[in-house]
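A.B. asks: From the sequence below, what's the structure:
(chains A and B)
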Amino acid sequence: MKRALRILCYGLLILSAFAMAFPFIWMLLNSFNSESNIFKSPPSLLPDLLGTSRMWENYATVLREFHFARYSLNSLVISGLSALGQVVTCSLAGFVFALMKFRGKNLIFSAILLTMMVPVQVTIIPEFFVMMKLGWLDSYLPLIVPSVLVGSFGTFMFKEFYENIPPSLADAGIIDGAGPFTMYAKIYLPQSASQAATLFIIAFMNSWNDLLRPMLYISGDKLQTVTMALTQFQSQYSAKWNLLLAGSVLGVLPLLLMYVFLQRYIIESTVSSGIKG
Amino acid sequence: MAKRGLRWYGPLAPWILLAPTLLGLIVFRIVPIGGSLYLSFTDWNLLRNPEFVGLENYKEAFADPAFLQVVENTLFFSLIYVVGVMVLGLALAVLVNRKMRGSNFFRACYYLPVVTSAVAVGIVWSWMLSPRYGAINLLLEALGIKPPYWLGDPAWALPTVAFIQVWKMAGYYMMIFLAGLQDIPLSVKEAAIVDGANPRQTFFRVTLPMLSPTTFFVFTVALIDSFKNFELIYAMTRGGPQNATNTLVYDVYLNAFVHYRMGYSSAVAYILMAIVGFATLLNFYVKKHWVRTQY
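C.D. replies: Okay, here's the model as predicted:
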């Protein structure tokens, strides 16, 4: 009986793992198919280019003719700067809310928490108008600045963490004559390396996967992000599945690599964030 | 610290350090939230000045059968999503919670779709569901089942897209359920077994009731999350066929940035906001009264 249950459990585990991983395996396999082979009926399970000298043909086409290298670089710069900026502003704000007293503190903190639930669709039209008036359309700025300046979850996380540091740490700083900025940069920030890493990962992934803002703010080809390029590629070359799938592999690869190396971290951090971006 | 009379910062210091956050809060949150409320009472195409029309946009929305279908689609999507991720998330959590070899590997596997972009997920699934060469259809045909036109059939498109979102996010809810399961003291389960309860009784009479705070928490998080389906719908169906997968988040985009009806679109956004606001209040309430553990 116990043995049967064990086998049943393993069966279910493997079946679920297959259901979760299959689309990714299928995407990878088919990205090595030639255009004629992908539409063969009955389908060949093994892609025809795999192992041949033309193996990387789809990837080469996508990178050379469809500028995916450029798009990946754009995404990397935008997501990296967004995430870095968010770590700085959120740790600063968390530090202020945890250690300083000033008029209006509770009001401002409640406003930060309350506006967290507001869907992006509610703010996007006035935001678009502001970006237009600032002349920021078709630049990296509208993709970076809003996420740098508005980080409710990060502010909350840093505040909680700094509040739980024993006050003796601050006292030692005061005796050494540290001013507010030294206190933040030299004493508190180094304590929160793991919070900073967590926030960096979440912000990076959110920015990388964002579609709405790149769609609205970027119209030229040069500044496109990978995620946005994929949707355009999809509408222009809807029949070239082999190329589209190769592009998709390139589009998810950086995040999958991050996931493989920082797995535990990512799972804990996204779960603790309570709500995905 | 300050309490002991040692001032280590001047009165301006908090404001200087908080300046970027305050700027963001005002420019990208408070002003746009107020701004779009005002816009929802206007007729505006972005080029000329907004013209005040009172409640006209809201009246138009609720009198339009196409919009009512959008609301219905949104709620139907939420229903499938919430039920789907709760059932699947709990089932996966129970499976990986058993002390078995390789359970960490399985956990990682189930979480994989959570970190990938909805756009890539949408593309791969569109390929797998495509009418003639899709893997799913070939499999079903091999089993002698005639597959529907999935994304091309107005009756099937919405449940299909909702199911794919469930597939993508189930691992996330699995992790929350897992934390809840691991909070249940082993002694309680052991006591039930000593009292002669079989595994099924232990699960339904002991584990599930003790898990209820987590379950309520997951419910509210999933409800809020269920409205965020713009990317997947854009990548898979763009609201079609025949408006069948058009949801509130997609309708805002469509009206604002395809039809340039900024005022009407703001009204749609505020209707979405009212629904999300209700879900958020529920979430706060549940967190305060039910959930003992912090996630």
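A.B. asks: mind listing the strands in the stretch 51-200 of chain A by residue range?
C.D. replies: For the stretch 51-200 of chain A, no strands are identified by DSSP state E, counting those that start in this stretch.
A.B. asks: Where does pLDDT dip in it?
C.D. replies: Judged against pLDDT under 70, the stretch 51-200 of chain A has no low-scoring part.
A.B. asks: Report the closest residue of it relative to chain B.
C.D. replies: residue A:149 (2.6 Å; C-beta to the nearest C-beta). For glycine as for every other residue, the C-beta is placed from the backbone atoms N, C-alpha and C.
A.B. asks: Run through the residues that contact the nearest residue in space to that residue that is not next to it in sequence.
C.D. replies: Of all residues not flanking residue A:149 in the chain, residue B:24 sits nearest, at 2.6 Å (C-beta to C-beta, 6 or more residues apart in numbering or on different chains). Residue B:24 sits next to A:89, A:146, A:148, A:149, A:150, A:151 when contact means C-beta atoms under 8 Å, 6 or more residues apart in numbering or on different chains.
A.B. asks: I figured the residue of the stretch 51-200 of chain A closest to chain B hits residue B:19, correct?
C.D. replies: No: using C-beta atoms under 8 Å, residue A:149 makes no contact with residue B:19, being 9.9 Å away.
A.B. asks: Have a look at those two and say which one is more surrounded.
C.D. replies: residue A:149 (21 against 14; other C-beta atoms under 10 Å in any protein chain shown).
A.B. asks: Can you give me the distance of the residue in the stretch 1-150 of chain B positioned nearest to chain A to residue A:20?
C.D. replies: Per C-beta to the nearest C-beta, residue B:24 is where the stretch 1-150 of chain B lies closest to chain A, at 2.6 Å. Distance check for residue B:24 against residue A:20: by C-beta to C-beta, to the nearest Å, it reads 37 Å.
A.B. asks: centroid residue for chain A?
C.D. replies: Among the residues of chain A, the one closest to the centroid is residue A:205, at 0.8 Å (C-alpha atoms, centre = their mean).
A.B. asks: immediately after the host helix or strand of that residue, which helix or strand?
C.D. replies: Assessed by DSSP states H and E, residue A:205 sits inside helix A:193-209. Sequence-wise, the next helix or strand downstream of helix A:193-209 (DSSP H and E) is helix A:212-217.
A.B. asks: Which positions in the host helix or strand of the residue nearest to residue A:149 come out as buried?
C.D. replies: Residue B:24 belongs to helix B:13-24 when assigned by DSSP H and E. Residues of helix B:13-24 classed as buried: B:13, B:14, B:17, B:18, B:20, B:21, B:22, B:24 (neighbour count, 16 or more other C-beta atoms under 10 Å in any protein chain shown).
A.B. asks: Wait, the second one touches residue A:102, no?
C.D. replies: Yes: under the criterion of C-beta under 8 Å, residue B:14 makes contact with residue A:102 at 4.4 Å.
A.B. asks: Restrict the helix holding residue B:24 to CA atoms and write it as PDB.
C.D. replies: Output in PDB follows, covering the C-alpha atoms of helix B:13-24 (Å, rounded to 0.1, in the frame of the first residue of the first chain):
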ATOM      1  CA  ALA B  13      17.700  65.600   6.000                       C
ATOM      2  CA  PRO B  14      14.700  63.300   5.800                       C
ATOM      3  CA  TRP B  15      13.200  65.400   2.900                       C
ATOM      4  CA  ILE B  16      16.500  65.400   1.000                       C
ATOM      5  CA  LEU B  17      16.900  61.600   1.300                       C
ATOM      6  CA  LEU B  18      13.200  61.000   0.500                       C
ATOM      7  CA  ALA B  19      13.200  63.400  -2.500                       C
ATOM      8  CA  PRO B  20      13.300  60.800  -5.300                       C
ATOM      9  CA  THR B  21      10.600  58.800  -3.800                       C
ATOM     10  CA  LEU B  22       8.400  61.800  -3.100                       C
ATOM     11  CA  LEU B  23       8.900  63.100  -6.700                       C
ATOM     12  CA  GLY B  24       7.900  59.700  -8.000                       C
END
